[in-house]
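Asker: for reference, the sequence and a predicted model appear below.
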Amino acid sequence: MTTPSPIATDAGRPRRTAPTHAGRGTRTGARARRTLRRLALGLAIAAVVLAVAGLPVYVFPPQGDPTDADLVYVIGPPQPERLALATALRDTDGRAPLLVSVSQSRQGRGDPDFDAAHLDICRQHGVSCRSPEPFTTAGEAKMLTAYAARHEVGKTVVITFTPHVARTRYIFAKCSANDVTVVGVDTDMTFFDWVFQYAYQTAGFVKAWLTPCP
């Protein structure tokens, strides 16, 4: 008499489950979030470092001595704050002529509000309003050289606004042999204005380093 064969059964054996990608996806998402957090932290630290490094260059640049000027020179645009400081310096000295860099709106360039025809100060005695060529800070340094060659000019006080002081000093030292001191006026600027000026003035420095004087 034969003994019946036992029927194979899965009873008692652990059941295999189909492989799943859920755990792998969770780990990948966590790594991506950590990478993004590190990137955001790195960008924030870089922004803080750049902001601090720019303080002595753009926010609190060294100011020149505006006294005893032979010429007061307002570089563009000739905004009211700059013209007011120029007038005060001329009144203090009593003899310094004023040179104003104005736009060339009649030739399709510049701001018409800063054209000589729209500035009352350009019609005052001892004031010369001229358009530099090219209409850049380097062009304004070139215009000073040309003016000084025809007039007796010793010390020149150049007036701009605060974020532009350091770059103006560098360009005038590079492109003009005249004795120049640079002062800046403060203007109301928003946070985004400062962000723009940091980027704009830095790009201007790079351009000034790479570009020869006109």
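Answerer: On my side now, so go ahead.

Asker: alpha carbons only for contacts and neighbour counts from here, please
Answerer: Noted.

Asker: next, the buried residues of the worst-scoring helix or strand of the chain on mean pLDDT.
Answerer: Least confident helix or strand of the chain, by mean pLDDT, DSSP states H and E, is helix 22-54 with a mean of 79. By neighbour count on 16 or more other C-alpha atoms under 10 Å, the buried set for helix 22-54 is A51, G54.

Asker: can I get stretch 159-174 in CSV? Just the C-alpha atoms.
Answerer: Below are the C-alpha coordinates for stretch 159-174, written out as CSV (Å, rounded to 0.1, in the frame of the first residue of the first chain):
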residue,chain,number,x,y,z
ILE,A,159,30.6,115.6,-7.3
THR,A,160,28.6,112.4,-7.9
PHE,A,161,26.4,110.3,-5.7
THR,A,162,27.7,108.0,-3.0
PRO,A,163,27.7,104.5,-4.7
HIS,A,164,29.6,106.0,-7.6
VAL,A,165,32.4,107.7,-5.6
ALA,A,166,34.9,104.8,-5.6
ARG,A,167,34.5,104.1,-9.3
THR,A,168,34.7,107.8,-10.2
ARG,A,169,37.9,108.1,-8.2
TYR,A,170,39.4,105.1,-10.0
ILE,A,171,38.4,106.3,-13.5
PHE,A,172,39.6,109.9,-13.0
ALA,A,173,42.9,108.7,-11.6
LYS,A,174,43.3,106.4,-14.6
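
Asker: got the buried residues for that stretch?
Answerer: 159-169, 171-172.

Asker: same check, this time on stretch 146-162
Answerer: The neighbour-count check on stretch 146-162 (16+ other C-alpha under 10 Å) flags A148, V153, K155, T156, V157, V158, I159, T160, F161, T162 as buried.

Asker: which residues are contacting that stretch?
Answerer: Contacts to stretch 146-162, defined as C-alpha atoms under 8 Å, 6 or more residues apart in numbering, come from residues 58-61, 66, 68-76, 82, 85-86, 168, 178-187.

Asker: tell me where the model's unsure across the chain.
Answerer: 1-25, 93-94, 104-112 (pLDDT under 70).

Asker: surely A96 forms part of a strand?
Answerer: No - read with DSSP: H, G, I helix; E, B strand; the rest coil, A96 is coil and lies in no strand.

Asker: from the contacts of stretch 146-162, which would you call buried?
Answerer: Among these, those classed as buried by 16+ other C-alpha under 10 Å are 58-59, 61, 66, 68-76, 82, 85-86, 168, 178, 180-185.

Asker: can you give me the strands for the chain?
Answerer: 71-74, 98-101, 127-130, 155-161, 179-185 (DSSP state E).

Asker: any chance of JSON lines for those strands, columns distance to T28?
Answerer: Listed next are the strands of the chain as JSON lines, based on distance: least, C-alpha to C-alpha, whole Å:
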{"stretch": "strand 71-74", "distance to T28": "59"}
{"stretch": "strand 98-101", "distance to T28": "60"}
{"stretch": "strand 127-130", "distance to T28": "64"}
{"stretch": "strand 155-161", "distance to T28": "51"}
{"stretch": "strand 179-185", "distance to T28": "53"}
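
Asker: to T92, which of the ones you listed lies closest?
Answerer: T92 sits nearest to strand 71-74 of all the strands of the chain, at 11.6 Å, using C-alpha to C-alpha.

Asker: can you name every helix or strand that that closest one contacts?
Answerer: Where contact means 3 or more C-alpha pairs under 8 Å, 6 or more residues apart in numbering; DSSP states H and E, strand 71-74 is packed against helix 80-93, strand 98-101, strand 155-161.
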